[in-house]
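> Attaching a predicted model along with its sequence, questions to come.
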Number of protein chains: 2
Amino acid sequence: MELYLIRHGIAEEHQPGLKDEERSLTTEGRQKTEKVAQRLVKLGLKFDLILTSPLVRAQQTAEILIAAGLSSQLETSDHLSFEGDINSWLKDWLEPRKYTQKNQIALVGHEPCLSSWAEILLWGEAKDRLLLKKAGMIGIKLPDDASPLGRSQMFWLTPPKYLL
Amino acid sequence: MELYLIRHGIAEEHQPGLKDEERSLTTEGRQKTEKVAQRLVKLGLKFDLILTSPLVRAQQTAEILIAAGLSSQLETSDHLSFEGDINSWLKDWLEPRKYTQKNQIALVGHEPCLSSWAEILLWGEAKDRLLLKKAGMIGIKLPDDASPLGRSQMFWLTPPKYLL
């Protein structure tokens, strides 16, 4: 199966009285994410499901992807918030789902979590060697058998500027 | 500095009497590579130099990139043919050139050589975890100081279908 790791768009700055998890996308962040979503539609992308972090900026990013028609299914998972651990996500979320090699799932979340997950899938450990911009994405092909950890392959990594 | 590793386009099949190094791009391979080159121009890419493998299909790919206006400088290096070793290339080719962090160099070559070079730059060893299609490319940012081996970062990996 294919996993698409998508980082949320540009969000408002930290402010006194504004909880981090409540920060929203800025107007620019919203517009850029919409353009990226439209380009993904043009490229023929379609996800069986979009799974998002519960934080507002990720939820809003995921809703933009849904509104563009990239998927009709949206779920939220705490596994995708900052402290998310890929081993727990694989065991508690992915494995029970019985997805097949034909499935395409998008995960909307945060850095450095997403690029660490990608490196662990590819290489078995995270070394901060992938640059994932806001509204950028990583495409990873998971093996059909056995654990994907250290055995997956990357076919796509793009900043949003190459999708506008 | 930034390195762009570009795989040659689709080439004719192996045939009796046709040496591997003399295989040319097919009509489809030429057309697709031209479209990729045009898209790279639209995205604002520009290379200080395109360095290519001496094999015909790589040379032809590099010439298409030059014709599109992506660079005015073309060089050939045996380091980029099949048996090319990145340590030798760094020592014998790159280091004496004194490129700065502002430079952008494109390397046109073959698989599995290019994705192995990318993995060695990122993680220090090659494990076949990157999928680089014909006429696809990888973008890598080299650190400004010391050796890039195991210390570089990837900002782009794309198959040609997302550039057409």
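Cool, got the structure.

> list the buried ones in stretch A:125-144?
When burial is assessed from 16 or more other CB atoms under 10 Å in any protein chain shown, stretch A:125-144 yields the following buried residues: A:126-127, A:129-142. Where you see a C-beta, it was placed from the backbone N, CA and C, and this is true even at glycine.

> could you check whether that stretch is close to chain B?
Yes. Stretch A:125-144 is in contact with chain B by CB under 8 Å from any CB of the partner chain, via A:K127, A:D128, A:R129, A:L130, A:L131, A:K133, A:K141.

> So which of those residues belong to strands?
Among these, the members found in strands (DSSP state E) are A:K141.

> Adding pLDDT, write the residues of stretch A:125-144 next to chain B out as CSV.
Formatted as CSV, the residues of stretch A:125-144 next to chain B follow (pLDDT from 0 to 100):
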residue, pLDDT
A:K127, 95
A:D128, 97
A:R129, 98
A:L130, 98
A:L131, 98
A:K133, 98
A:K141, 97
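
> Next, the buried residues of stretch A:85-104.
For stretch A:85-104, the buried set under the neighbour-count rule, 16+ other CB under 10 Å, comprises A:I86, A:W89, A:L90, A:W93, A:L94, A:Y99, A:Q104.

> Please report phi then psi for the third one.
Which is A:L90. As for A:L90, its main-chain torsions (degrees, to the nearest 10) stand at phi -60, psi -50.

> Touching, it and A:A146? I think so.
No. Judged on CB atoms under 8 Å, A:L90 makes no contact with A:A146 at a distance of 11.8 Å.

> remind me, longest helix of chain A?
When chain A is parsed with DSSP state H, its longest helix is helix A:27-42.

> so how far is the helix or strand following that one off the chain centroid?
Next along the chain after helix A:27-42, taking DSSP states H and E as the criterion, comes strand A:49-52. Its chain's C-alpha centre and that of strand A:49-52 lie 8 Å apart, by CA atoms, centre = their mean, to the nearest Å.

> Which residues does strand A:49-52 contact?
Under the contact criterion CB atoms under 8 Å, 6 or more residues apart in numbering or on different chains, strand A:49-52 has outside partners A:58-59, A:61-62, A:65-66, A:70-71, A:73-77, A:80, A:93, A:105-109.

> Out of those residues, which sit inside strands?
Assigned to strands by DSSP E, the following of the contacts of strand A:49-52 qualify: A:L74, A:E75, A:T76, A:I105, A:A106, A:L107, A:V108, A:G109.

> C-alpha coordinates for stretch A:141-154, PDB please?
In PDB, the C-alpha atoms belonging to stretch A:141-154 read as follows (Å, rounded to 0.1, in the frame of the first residue of the first chain):
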ATOM      1  CA  LYS A 141       5.300   2.300  -0.700                       C
ATOM      2  CA  LEU A 142       4.900  -0.200   2.100                       C
ATOM      3  CA  PRO A 143       5.900  -3.900   1.400                       C
ATOM      4  CA  ASP A 144       3.100  -6.300   1.000                       C
ATOM      5  CA  ASP A 145       4.400  -8.700   3.500                       C
ATOM      6  CA  ALA A 146       5.900  -8.500   7.000                       C
ATOM      7  CA  SER A 147       6.700  -5.300   8.900                       C
ATOM      8  CA  PRO A 148       7.200  -2.100   6.900                       C
ATOM      9  CA  LEU A 149       9.900  -0.800   9.300                       C
ATOM     10  CA  GLY A 150      13.200  -0.300   7.500                       C
ATOM     11  CA  ARG A 151      11.700  -2.100   4.500                       C
ATOM     12  CA  SER A 152       9.600   0.500   2.800                       C
ATOM     13  CA  GLN A 153      10.500   2.600  -0.300                       C
ATOM     14  CA  MET A 154      10.000   6.300  -1.000                       C
END
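
> I would like the residues contacting it, please.
A:1-3, A:86-87, A:90, A:101, A:118, A:120-125, A:138-140, A:155, B:128-131, B:157.

> ok, A:I66 - contacts?
A:I50, A:S72, A:L74.

> what does A:L5 give?
Counting by CB under 8 Å, 6+ apart, A:L5 makes contact with A:A106, A:L107, A:G109, A:L114, A:S115, A:W117, A:A118, A:L132, A:M137, A:I138, A:G139, A:I140.

> For it, grab phi and psi.
The phi/psi pair for A:L5 (degrees, to the nearest 10) reads phi -100, psi 110.

> Which residue or residues pair with it through a beta bridge?
Listed by DSSP bridges, the beta-bridge partners for A:L5 are A:L107, A:I138.

> residues near the nearest residue to A:T61 once chain neighbours are set aside, how many?
Distance criterion CB to CB, 6 or more residues apart in numbering or on different chains; nearest residue to A:T61, sequence neighbours excluded, is A:H8 at 4.3 Å. Residues near A:H8, counting by other CB atoms under 10 Å in any protein chain shown, number 27.

> Many thanks, have a good one.
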